[in-house]
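S.K.: Got a predicted model here, sequence first, then my questions.
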Amino acid sequence: MPTPTEIQQRFQRLPQELKDAIFSMDTAEAIRMIGKKHRLAVDKIGVLADETGYFMLGFTKPEHFIGKLQRNLGVSEEISKGITEDLNVRIFSKIRASLRRVHTMEEDHVIPVPPPVSRPPAAELPKGSPLSAPKDYPLGQPAPAPMPSPFESKLQEKVFSAQKELSEAREQKTYPGNKDPYREPIS
């Protein structure tokens, strides 16, 4: 499983078409529908989404994709082939050229991450100094936040926007259509 840093670096090098496809609600909905079609549990649909994302990022090679689905979803080879065929039709066929470019990139072209810059011990730095950051982060760079999968971030956006709308409606004491569901209509 790739680290969040590896995912972020790989994502930044993707063609724009793939970046758009990864964050597309159409892609998320297609994965959900494929999971339902093949009778996957909700948690397994999440695994399918992650594996599809790893494939689109180029971490999983095409020749290993069916085997990884079979192993990680706990399904038969026949079902994993069916899932792959559905993914090909609903998602991958639209971005095939970009996927080929990602999967033919040589690992030699990976930009290495520079080693952390050495710095004096924190005891020698004045308090509040910008250099008194934790030792495991390079100078001038903030600590990296854990990066959720693209599908998790889209889900969080929807959840937070729904929570915000609900709290605003409660504050304003409004209901959909300005009708209070607990009052009987007055005739």
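M.R.: Everything's here; your move. Numbering: from 1, shown residues only.
S.K.: where exactly do the helices run in this structure?
M.R.: 4-12, 16-23, 25-37, 42-57, 62-73, 77-90, 96-104, 150-172 (DSSP state H).
S.K.: Need the winner for burial among the ones you listed.
M.R.: helix 42-57 (a mean of 19; mean count of other C-beta atoms under 10 Å). Heads up, the C-betas are built off the backbone N, CA and C, glycines and all.
S.K.: just the angle between that one and helix 96-104, please?
M.R.: Angle, helix 42-57 to helix 96-104, by axes from the mean of the first three to the mean of the last three C-alpha atoms, to 10 degrees: 80 degrees.
S.K.: Output the contacting helices and strands for helix 42-57.
M.R.: Contacts defined by 3 or more C-beta pairs under 8 Å, 6 or more residues apart in numbering; DSSP states H and E place helix 42-57 against helix 4-12, helix 16-23, helix 25-37, helix 62-73, helix 96-104, helix 150-172.
S.K.: And these, which one averages the lowest pLDDT?
M.R.: Across those, helix 150-172 has the smallest mean pLDDT, namely a mean of 66.
S.K.: Contacts only, for the residue nearest to Lys36 when sequence neighbours are not counted.
M.R.: Spatial nearest neighbour of Lys36, chain neighbours left out: Ile45 (7.6 Å); criterion: C-beta to C-beta, 6 or more residues apart in numbering. Contact analysis of Ile45 by C-beta atoms under 8 Å, 6 or more residues apart in numbering lists Ile31, Arg32, Gly35, Lys36.
S.K.: I'd say the third one and Asp50 touch.
M.R.: No. With contact defined as C-beta atoms under 8 Å, Gly35 and Asp50 do not form a contacting pair (11.9 Å).
S.K.: Glu168 versus Glu51, what's the distance?
M.R.: Here Glu51 is placed at a distance of 37 Å from Glu168 (C-beta to C-beta, to the nearest Å).
S.K.: And Pro62, by the same measure?
M.R.: 46 Å.
S.K.: Likewise for Glu17?
M.R.: From Glu17 to Glu168 the distance is 36 Å (C-beta to C-beta).
S.K.: Look at the closest residue to Leu69 other than its chain neighbours and report its pLDDT.
M.R.: Spatial nearest neighbour of Leu69, excluding adjacent residues (C-beta to C-beta, 6+ apart): Ser80 at 4.1 Å. Ser80 is assigned a predicted lDDT (pLDDT) of 91.
S.K.: All further residue positions should be reported with the first residue as 43.
M.R.: That works, and once the first residue is 43, the last one we named lands at Ser122.
S.K.: For Phe134, see how far away Ser122 is.
M.R.: For Ser122, the distance to Phe134 - C-beta to C-beta - is 15 Å.
S.K.: And for Glu127?
M.R.: Distance of Glu127 to Phe134, given as C-beta to C-beta: 10 Å.
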